[in-house]
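In: Fold the following and give me the result.
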Amino acid sequence: MDEELNVELETENLFEDYEPTSEESTETVEEPTETVEESSETPEVAETPWELDVKFNGEERTLNKDEARVLAQKGLNYDRFYEPLERLARANNMSVGDYVNKLESTQSQYELEQEMDNLRNDPKYENVSDEVLEEIAQSRVKDFNGQREQYYNEQTQKQNDLEQQRVQREVDLFLEEYPEFKDKDPNTLDPKVYDFVRQGYTLLEAYNKFQRLNTAKSQAESKAKVNQLNEANKKKALGNTTNAGSSQEDAFLSGFLNS
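Out: Purely as a prediction, here's the structure:
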């Protein structure tokens, strides 16, 4: 059976682990009386290209950021497709690798037989032997698979390009609203922002939602602290009143008994 798996690439996380910056201190720092002459020359810092070293099938490779992004997006879908494939392999008492090889072999044989049937039904090949027909069919199937692979790669690249453009638009809109992040490492946003992005929010929407939730949480915590303080003050005031009344009653009773 010929089964096609449509892989949807997911957007990689753009920002991670954001810790809100604390407000600048308003305390005045006394300046030293001695002046230090500063150098007017700013040291140049060489920008290090982003690279990631990986090892696959015993071969070490160095990936740039774009290559790592594409592979990470593919990896996000790995478990979703691997788990059902693993279940099917177990059902046939086979390893995943052997099961995949069997599927590929079955598919190749099916395509070859289909092409041979097409040739047999073609009047041009009615006097051609099966051995020759098989060679022609194999050549055609090979060409067809090559074209199919090329088409798949082109469509995958096109999808990656469109996804990259969409992500770039989201980043541009976010930085337009929050320009303070332009010179910061992308890993400065809280992971919860990513959770919202994975739920379908744009980066700007996700960050705004995160900010609103944080503000609401802070307000709720402040309100709870105020309520606790008020409750404590009420109990303290009530305790003082009760003690004062008891003291007066005891003094009155003692004086009455001693009279």
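In: When you work out contacts or count neighbours from here on, use the C-alpha atoms and nothing else.
Out: Noted.
In: mind checking which helix or strand of this structure has the lowest mean pLDDT?
Out: Using mean pLDDT, DSSP states H and E, helix 65-76 stands out as the lowest-scoring helix or strand of the chain, at a mean of 71.
In: Packing partners of the helix or strand that comes right after that helix?
Out: Going down the chain from helix 65-76, the next helix or strand is helix 78-91, by DSSP states H and E. With contacts defined as 3 or more C-alpha pairs under 8 Å, 6 or more residues apart in numbering; DSSP states H and E, helix 78-91 has these neighbours: helix 96-120.
In: name the helices or strands packed onto the helix or strand just after the helix it packs on?
Out: Next helix or strand after helix 96-120 toward the C-terminus (DSSP H and E): helix 130-177. Contact partners of helix 130-177 among helices and strands, from 3+ C-alpha pairs under 8 Å, 6+ apart: helix 96-120, helix 203-258.
In: got the contact list for the first one?
Out: It stands for helix 96-120. Residues outside helix 96-120 that contact it (C-alpha atoms under 8 Å, 6 or more residues apart in numbering) are 1-2, 85-86, 89-90, 92, 125-126, 133-134, 137-138, 140-141.
In: Buried residues of that helix, list them for me.
Out: Within helix 96-120, the residues that qualify as buried are 96, 99, 108, 111, 112, 113, 115, 116, 119, 120, counting by 16 or more other C-alpha atoms under 10 Å.
In: what is the orientation angle of that helix with helix 130-177?
Out: 120 degrees (axes from the mean of the first three to the mean of the last three C-alpha atoms, to 10 degrees).
In: tell me the average confidence for helix 96-120?
Out: Taken as a whole, helix 96-120 has an average pLDDT of 91.
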